[in-house]
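> Got a predicted model here, sequence first, then my questions.
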Amino acid sequence: MAIAKKCVRFLLNFNYRHPVTTGTLRRYSAGAGDTSQFDVAVIGGGIVGSASARELILKHPHLKVALVEKENRFAFHQSGNNSGVIHAGIYYKPGSLKAKLCVKGLNLSYKYFDQKGIKYSKCGKLIVATERSEVPRLFDLYERGLKNGVKDIQLMDSKEMKEIEPHCKGLQALWSPHTGIVSWAQVTDSYVKDFIECGGKTYLNFEVKKFIEAESAEYPVKIIDTENNVINAKYVLTCCGLHSDKVAVLTGCPEEPKIIPFRGEYLYLVPNKSKLTKTNIYPVPDPRFPFLGVHLTPRIDGRVIVGPNAILAFCKEGYRWGDYNMQELKEIIGFSGFRKMAMKYASFGIKEMIRSAITPLQVMQVRKYIQEITSADVERGPAGVRAQAMAKDGTLIEDFVFDSKPGHGAIGSRVLHCRNAPSPGATSSLAIAEMVVEKIEKEFKI
Ligand SMILES: Cc1cc2nc3c(=O)[nH]c(=O)nc-3n(C[C@H](O)[C@H](O)[C@H](O)COP(=O)(O)OP(=O)(O)OC[C@H]3O[C@@H](n4cnc5c(N)ncnc54)[C@H](O)[C@@H]3O)c2cc1C
């Protein structure tokens, strides 16, 4: 009992470091009370909104475009709190948006980083099977990767694998040499900088709380924030991550797919153990879940992270165990899809929670690959919260979802919502932006 109490106290008091990175773009924000008029207002200054706003203004320099963010800097949520991996596109169902946009996004990303001098490393990735039962699934992944057009992937036996990563053990591995690492927060800031340089206007600390139909025939959408500041727009694109369901409802769209927040907690390897891996080491993922599993990832700042796990967060921005919002929690539990999913995967969820509380159990997940890592070699690291879209029947929606299903009235037909952009959303951001802008051109006749 005393141990249980201690555990609960530890978890509630424990502070994950949020945010991981610091943005630098506050100075660009417009003053409060600004009532400007725009052809398109993009709501949400994560990597998807920023990339889309940038692409829109690059392609249509005559347009007046606003990028609107509720926090005091860009990339505050998912885009600044993730694994920092440039995914190659192996995992995703052939033909899905994820498969197409990730492969294209990786190529566009490397080109962009070179142009802008953004630091990255093409350090590659090993997906490692440590148990016999995982080997057929690893072969399936290899076939999938080939179908998706992922370049230069290679199946390896343990001897070949050791040539790449001498400390790693496993039965068989899939090597992806073009997987890389970067700071996606830095990339987001760079997109925003491009956007501003092309004449785009940014609003920080502007939390959209409602859309109303304006009398103006030219700018029929009034976007109002929690302080009653107003932006007028002809058209709107929303990319609100964890809040995408709520923001869609504001324009008369259905709340489903509902966003269920799953926290992903990381550990850091202590600096003197960082040399144990120079590449990304991933497990063979459990096909029941859209998450890729606990992995070892070198960061661009030189540290190595271990994680993320997948824990139900008690509110949309639940970065710590102690973060909760009663209203949001009630909505999660009240959602029939969540209850169905929770019943189905209760034992997985409980195990994840126990592993979160007991660090040595989390470490055991990576000791399968690198035995030299012990509990003494890790310290608590950052956390991110995934916006996971879920259908009413409890299905976790894997693919990206861009919804132009009109909401009510004049406003509904002028808004496009990005409703689901989970991993590899950052890698895919430039490709998503191209697709979103094509949708905007087509649907809004811009
Ligand atoms: C733990 C974790 C690990 C991941 N690892 C990787 C990885 O290694 N590689 C990869 O490619 N992808 C990864 N991803 C996925 C990637 O981070 C996301 O796909 C991407 O960041 C989504 O970007 P976004 O702009 O849609 O969302 P966000 O970054 O969450 O941005 C949404 C923005 O909308 C704003 N907003 C919300 N509501 C309002 C409102 N009412 N008014 C104004 N603004 C509002 C929010 O403040 C936020 O800034 C990971 C994600 C997580 C959580």
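Yep, that arrived. Residues are numbered from 1 along each chain as shown.
> Low-confidence bits of the stretch 301-446 of the chain, can you list those?
Scanning the stretch 301-446 of the chain for pLDDT under 70 picks out 404-408.
> can you give me the strands for it?
Assigned by DSSP state E, counting those that start in this stretch, the strands in the stretch 301-446 of the chain fall at 304-307, 311-312, 378-390, 401-403, 415-420.
> how about the third one: buried residues?
Spelled out, it's strand 378-390. Buried residues in strand 378-390, counted by 16 or more other CB atoms under 10 Å: 378, 381-390. Every residue, glycine included, has its C-beta placed from N, CA and C.
> Next, the angle strand 415-420 makes with that strand.
In terms of direction (axes from the mean of the first three to the mean of the last three CA atoms, to 10 degrees), strand 378-390 departs from strand 415-420 by 130 degrees.
> Wondering if strand 378-390 reaches the ligand at all.
Yes. Strand 378-390 lies within reach of the ligand by CB under 6 Å from any ligand atom, at 384-386.
> same thing with the fourth one?
No. Legend: contact between strand 401-403 and the ligand by CB under 6 Å from any ligand atom is lacking; minimum distance shown is 11.0 Å.
> Adding distance to Ile259, write the buried residues of strand 378-390 out as TSV.
Below are those laid out as TSV (distance: CB to CB, whole Å):
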residue	distance to Ile259
Val378	30
Gly381	24
Pro382	21
Ala383	17
Gly384	14
Val385	10
Arg386	9
Ala387	5
Gln388	7
Ala389	6
Met390	8
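> Closest to Ser50 out of those residues?
Nearest to Ser50, judged by CB to CB, of the buried residues of strand 378-390 is Ala387 at 16.1 Å.
> Distance of the residue of the stretch 151-300 of the chain found nearest the ligand relative to Phe76?
The ligand sits closest to Gly241 of the stretch 151-300 of the chain, with a gap of 2.5 Å, by CB to the nearest ligand atom. Distance of Gly241 to Phe76, computed by CB to CB, to the nearest Å: 10 Å.
> So which of these two has more stuff around it?
Each of Gly241 and Phe76 has its neighbours counted (other CB atoms under 10 Å); Gly241 has more, 29 against 23.
> ok, the more buried one touching Asn420?
No. Assessed by CB atoms under 8 Å, Gly241 is found out of contact with Asn420, at 9.7 Å.
> Now for the two: what residues contact both?
Residues touching both Gly241 and Asn420 by CB atoms under 8 Å, 6 or more residues apart in numbering: Ala387.
> what does the longest helix anywhere in the chain contact?
Identified as the longest helix of the chain according to DSSP state H is helix 97-116. Under the criterion CB under 8 Å, 6+ apart, residues 86-89, 92-93, 118-120, 122, 148-150, 178, 180, 182, 187, 190, 398-400, 424, 427-432, 435 lie in contact with helix 97-116.
> list the buried ones in that helix?
Neighbour counts over helix 97-116 (16+ other CB under 10 Å) mark 97-106, 108-110, 112-113 as buried.
> Return the residues of this protein in contact with the ligand.
Counting by CB under 6 Å from any ligand atom, the chain comes close to the ligand at 43-49, 68-71, 76-79, 82-85, 87, 207-208, 239-243, 247, 264, 308, 384-386, 421-427.
> Going along the chain, name the helices of this structure.
Taking DSSP H to define them, one finds helices in the chain at 2-13, 47-59, 97-116, 135-147, 158-164, 184-197, 244-250, 326-334, 336-344, 346-357, 359-367, 409-412, 429-444.
> Please verify my assumption that Thr359 contacts Thr374.
No. With contact defined as CB under 8 Å, Thr359 does not count as touching Thr374 (10.6 Å).
> neighbour count winner among these two?
A direct count of neighbours by other CB under 10 Å for Thr359 and Thr374 places Thr359 higher, at 15 against 11.
> Good, wrapping up.
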